[in-house]
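> Next input, structure requested:
(one chain, ligands or ions: 1)
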Amino acid sequence: MTAYAPPTPARRSPVRLDTDPYLSRYADRVTGLAASEIRALFSVAERPEIVSFAGGMPDLSVMDLDAVADLTASIIRDQGTVALQYGGGQGRPQMREALVDLMAYAGVPATADELVVTVGGQQALELIAKCFIDPGDVVIAEGPTYVGAVAAMNSHQADVRHVPMDGDGMRMDLLEDTLAQLAREGRRAKYVYTIPNHQNPGGVSLSEARRVRLAELAVEHDLLVIEDDAYGLLGFDGEVATSLRTLIPDRVVYLGTMSKTFSPGVRSGWIAAPTPVREKLVLLREAADLCPSNLTQLMIERWLTTQPWQEQIKRYRALYQHKATLMLDALASEMPAEVDWTRPRGGFFVWLTVPTGIDTSALLAKAIGRRVAYVPGRGFYDDGNGGDQLRLCFSFPPTDRIREGVSRLAELLHDELGLLRSVYGDDAPELAGRRGGGAGA
Ligand code: PMP
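So this is what the prediction gives:
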């Protein structure tokens, strides 16, 4: 038997790696993966007495369930042998045609041939990462960015460089700095990942001027852009912004999802990509899971061709606007002056920045003790930032509990700040907010 040699500890892993007897067998890309310590706290956050602003979920209470029940039953009756059979790896042509109509509603041009149907936007992110990232490759992303995208990029050992945002989305001057820094290192980014509309978790959108600038920079620096449009149709005012795909179609791999405008339970998303990339993605997806579910594709086809789906999107928008207003009003009246937050005009999230002396990961256990939950900021960065930030989701919690939850969190932050003041005095740097950093509006 060979002697047991303790492994080199993987980056950011909170578990003791030498307790895992399978360690010597894992692929390099898996060694660094570990469940976060806060995952256990989230199972507690499910308890009814807790107001949870943690999970980023749609509120399905306004979904027309009778319509979905009827169309699902009729699919099984009329097309059961198709619905329950294997399908093609690219997705059903009829599904892709229906998605082209949905994209047109969002102002994004595409043809059915350019699309690959995926198992949610999450599989799209994973396939894109697999398609482009070798270990150590640089990827540029907003800071903070979607935690599932960080997970997908990490599982392919990307070197993620974050570019901060302000109220107008990713800062183009800082993107230019990052590109210049990469040039000095003799490296180039495999892609720039961006969520331009109602960003998760930042709750801000990329301004029209910055979209144009990003397109110019992409041409100037020969960049590929991954445009994650999960929330594009959820602007409270119903307006849709200019997509990057419209501006620079050959340089954009676009992804969409049915999770926010219909249902996450159907696990349906898609990618629109230039032909050579689309061909690779279909091969990768066939290796992963052969094909998307025919049953859920048929559900979406019928939803998008026989039902007033635009009305459903309007119902979601109105509900989320109402909930966001409740949350923003409660934050304005309850939060300490040292706390800063974004003012979303769509999507699911508000992003908070607290004084630097407060660690939002450590604070979560106390928050749950006070019957309120959020997601600490660190998970939205790959570089250890975000300790003084947190995400609140307004889309899912019940309308009548939003103020109560914000009050509980505000009370906790008032108490923490009082504690800091009593230890360090009024002017301590620990009490300073991080204005201008993160996604401050
Ligand atoms: N992208 C973004 C920005 C998201 O917020 C989400 C869901 N939280 C996804 C992609 C993936 O969602 P799904 O797999 O349900 O489509």
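
> and stretch 100-108, how far out from the chain's middle?
Centre-to-centre, stretch 100-108 and its host chain are 21 Å apart (CA atoms, centre = their mean, to the nearest Å).

> Pull the contacting residues for Arg201.
Wrong residue type there; residue 201 is Pro, not Arg. Counting by CB atoms under 8 Å, 6 or more residues apart in numbering, Pro201 touches Gly56, Pro144, Thr145, Tyr146, Val147, Phe349, Trp351, Val375, Gly377, Phe380, Arg391. Any C-beta I mention is one placed from the backbone N, CA and C, and that applies to glycine too.

> quick one, phi/psi of it?
Phi and psi for Pro201, reported as degrees, to the nearest 10, are phi -100, psi 0.

> residues from the stretch 51-200 of the chain in reach of the ligand?
Gly56, Gly120, Gly121, Gln122, Tyr146, Gly148, Ile195, Asn200 (CB under 6 Å from any ligand atom).

> Which members of the contacts of Pro201 are the farthest-apart pair?
Gly56 and Gly377 (14.0 Å; CB to CB).

> Please tell me how far Val225 sits from the ligand.
Distance, Val225 to the ligand, by CB to the nearest ligand atom, to the nearest Å: 15 Å.

> Then Gly87?
Taking CB to the nearest ligand atom, one finds Gly87 at 19 Å from the ligand.

> same thing with Glu279?
Distance from Glu279 to the ligand, by CB to the nearest ligand atom: 22 Å.

> Tell me the buried residues in the helix or strand encompassing that residue?
Counting by DSSP states H and E, the element that carries Glu279 is helix 275-289. For helix 275-289, the neighbour count (16 or more other CB atoms under 10 Å) marks Val277, Arg278, Leu281, Val282, Leu284, Arg285 as buried.

> helices or strands next to it in the packing?
strand 115-118, helix 120-132 (3 or more CB pairs under 8 Å, 6 or more residues apart in numbering; DSSP states H and E).

> and among the ones you listed, the most buried is which?
Each of these was scored by mean neighbour count; the highest is strand 115-118, a mean of 26, by mean count of other CB atoms under 10 Å.

> which other helices and strands contact it?
Looks like strand 115-118 contacts helix 93-105, helix 120-132, strand 269-272, helix 275-289 (3+ CB pairs under 8 Å, 6+ apart).

> Touching the very next helix or strand once past the longest one from outside, list them.
Going back to what we said before, that points to helix 275-289. As assigned by DSSP H and E, the chain's next helix or strand after helix 275-289 is helix 294-306. By CB under 8 Å, 6+ apart, the surrounding residues in contact with helix 294-306 are 68, 71-72, 74-75, 79, 82-87, 91-92, 94-95, 98-99, 101-102, 117, 258, 262, 266-268, 309.
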